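**Student:** Fold the following, please.
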Amino acid sequence: MPRLVSLRLAPLVIALASAAAGLVHAQSGSVAATPTQVRPDVDKAYTQLMASPAIQKLLDAVKADHDRSVEDLKMLTEIEAPPFKEQKRAEAFLARMKALGLTDARIDAEGNVVGLRKGTGNGPKLLISAHLDTVFPAGTDVKVKERDGKLYAPGISDDTRGLSVLLSWLKVLNDNKIQTVGDLLFVGNVGEEELGNLRGIKAIFRDNLDIDGMVGLEPAPDGSVLMLGTGSHRYEVTFKGPGGHSYGAFGQVPSAIHGMGRAIAKIADIRTPSFPKTTFTVGTVGGGTSVNTIAPDARMAVDIRSDEMAPLLETEKKILAAIDEAVVEENKRWNVSTLSVSTKLIGDRPGGRTQSDTVIVEAATRANSAFGHKTLLTGASTDANVPMSLGIPAIIIGGGGKTGGFHALSEWIDVTDGWKGAQNSLVTVLGLVGVQGTSAPLLEKRPPRAK
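**Tutor:** Next up is the predicted model:
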């Protein structure tokens, strides 16, 4: 067992951080105890980084770049990027990356923007990412509007702020000639939202077998570290029958809608564990042709989630069995066999967890303490689900600024002092990959995965 170093904060800082953590807890909840001690090498790395004149100059550059970074934020926000239609924003993001000096950048076959900033060699490769897509459909008004000290626009915080922070990091690292030991893989990925099904980040890990860890940027309060990935399966369920006149064919044909109704009632009675939290819902329904027709078709979409895969799969098994039972009962009701059902998996987000005693979580915790923040460990469904499911250490942290109204037309961000969060998260990253002449990398270099 390695010797641990205690983390200490001034009483006032602890009080303020605790109040902030209480707000976060109400929104997303703590999923694990925050580390109170870290490994000596973690403590040493961040002590060295924060004492380095070169790193202090770099952090000053992040602050100085804030206003320019906000212009990037506005520019990218005003390029709509619905799921599966991210190309124009990807092209703009790629152009900015190249303009800021990352010549080894491209758009891959899945539509991700990928650029590698090489380290000195023999260090780990860290993926740093933010997603290009938003939940809003094509045609949404994405013009940025400013009022009461806030910037309003759909998608401005989730996750366009993350993209603009990545660009700011790239600029200040290059301008200040900071040479990391490990490689930084800059990625603006597609397909994080809705039925994008994490297709972008899945492609990244499919095509890059040598990634040693991931730090993703999402809107999150200072001090928040996401280390649990909630898994989910989503199904499109379609019921088919012959249909018929509501009066003339009564008793001769089954109703697809009645069969679906039986299935929904059975699903509603399924019980799931409260811990690990496991949930389900029939989110949408449709079907039928008219009020006086025995419905020939019906369809519904089912969402199943859990913080662990075993109860998710058990709940999935019960739901699929309930659907089949409902069809049998509807056919039996009319002594026929003409109602059928098909299920299609339309969403598969693997779950996972980065343990709180791993280096990547301790690194984020130690960096947070250096900036006066108490760490809150949280969970959700994000791009980090993919590496977590592969056993690769991954976390999601914030990029700075206060945010709200996610997935609503009234989404907003207050970028006042947002550079502070961008500094904090950058220091987290630098500790993991190491800085030549200042600190050794904390992230372990792993053997490449097999295809």
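**Student:** alpha carbons only for contacts and neighbour counts from here, please
**Tutor:** Will do.
**Student:** Can you show me the helices along the stretch 301-450 of the chain?
**Tutor:** Under the criterion DSSP state H, counting those that start in this stretch, the stretch 301-450 of the chain contains helices at 309-334, 359-370, 385-389, 418-433.
**Student:** What lies in contact with the last one?
**Tutor:** It refers to helix 418-433. Residues outside helix 418-433 that contact it (C-alpha atoms under 8 Å, 6 or more residues apart in numbering) are 42, 45-46, 49, 59, 62-63, 66, 123-126, 165, 169, 180-184, 215, 222, 360, 363-364, 367-368, 371, 397-402, 439-443.
**Student:** That one: which residues count as buried?
**Tutor:** Residues of helix 418-433 classed as buried: 418-433 (neighbour count, 16 or more other C-alpha atoms under 10 Å).
**Student:** Report the distance from stretch 281-289 to the chain centre.
**Tutor:** 28 Å (C-alpha atoms, centre = their mean, to the nearest Å).
**Student:** wait, I meant stretch 375-387
**Tutor:** So, by C-alpha atoms, centre = their mean, the centroid of stretch 375-387 is 7 Å from its chain's centroid.
**Student:** Dead centre of the chain: give me the residue that sits there.
**Tutor:** Thr382 (2.1 Å; C-alpha atoms, centre = their mean).
**Student:** For that residue, give me phi and psi.
**Tutor:** phi -140, psi -180 (degrees, to the nearest 10).
**Student:** tell me the contacts of it?
**Tutor:** Thr382 neighbours (C-alpha under 8 Å, 6+ apart): 192, 198, 229.
**Student:** Can you read off the pLDDT for it?
**Tutor:** Looking at Thr382, its pLDDT stands at 97.
**Student:** Same check on Val429?
**Tutor:** So Val429 comes in at 98 (pLDDT).
**Student:** Relative to Ser69, how far out is it?
**Tutor:** Distance, Val429 to Ser69, using C-alpha to C-alpha, to the nearest Å: 19 Å.
**Student:** Likewise for Asp148?
**Tutor:** In terms of C-alpha to C-alpha, Asp148 sits 20 Å off from Ser69.
**Student:** what about these two, which has more around it?
**Tutor:** Ser69 (23 against 6; other C-alpha atoms under 10 Å).
**Student:** Provide the secondary structure category for that one.
**Tutor:** Classification of Ser69 by DSSP: H, G, I helix; E, B strand; the rest coil places it in helix.
**Student:** hang on, it packs against Ser164?
**Tutor:** Yes. At 5.9 Å, Ser69 and Ser164 qualify as touching, with contact defined as C-alpha atoms under 8 Å.
**Student:** Please work out the angle formed by the directions of the helix or strand that Leu49 is a member of and helix 418-433.
**Tutor:** Element membership for Leu49 (DSSP states H and E) is helix 40-51. Angle of helix 40-51 versus helix 418-433, following axes from the mean of the first three to the mean of the last three C-alpha atoms, to 10 degrees, is 130 degrees.
**Student:** Dump helix 40-51 to PDB, keeping only the CA atoms.
**Tutor:** Coordinates of each C-alpha in helix 40-51 appear next as PDB, following Å, rounded to 0.1, in the frame of the first residue of the first chain:
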ATOM      1  CA  PRO A  40       3.200  11.000  -2.600                       C
ATOM      2  CA  ASP A  41       4.100  11.100  -6.300                       C
ATOM      3  CA  VAL A  42       0.700  12.800  -7.100                       C
ATOM      4  CA  ASP A  43       1.300  15.400  -4.400                       C
ATOM      5  CA  LYS A  44       4.900  16.000  -5.600                       C
ATOM      6  CA  ALA A  45       3.800  16.500  -9.200                       C
ATOM      7  CA  TYR A  46       1.300  19.200  -8.400                       C
ATOM      8  CA  THR A  47       3.600  20.800  -5.900                       C
ATOM      9  CA  GLN A  48       6.200  21.100  -8.600                       C
ATOM     10  CA  LEU A  49       3.800  22.300 -11.200                       C
ATOM     11  CA  MET A  50       2.300  25.000  -9.100                       C
ATOM     12  CA  ALA A  51       5.800  26.200  -8.000                       C
END
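**Student:** just how off-centre is that helix within its chain?
**Tutor:** 28 Å.
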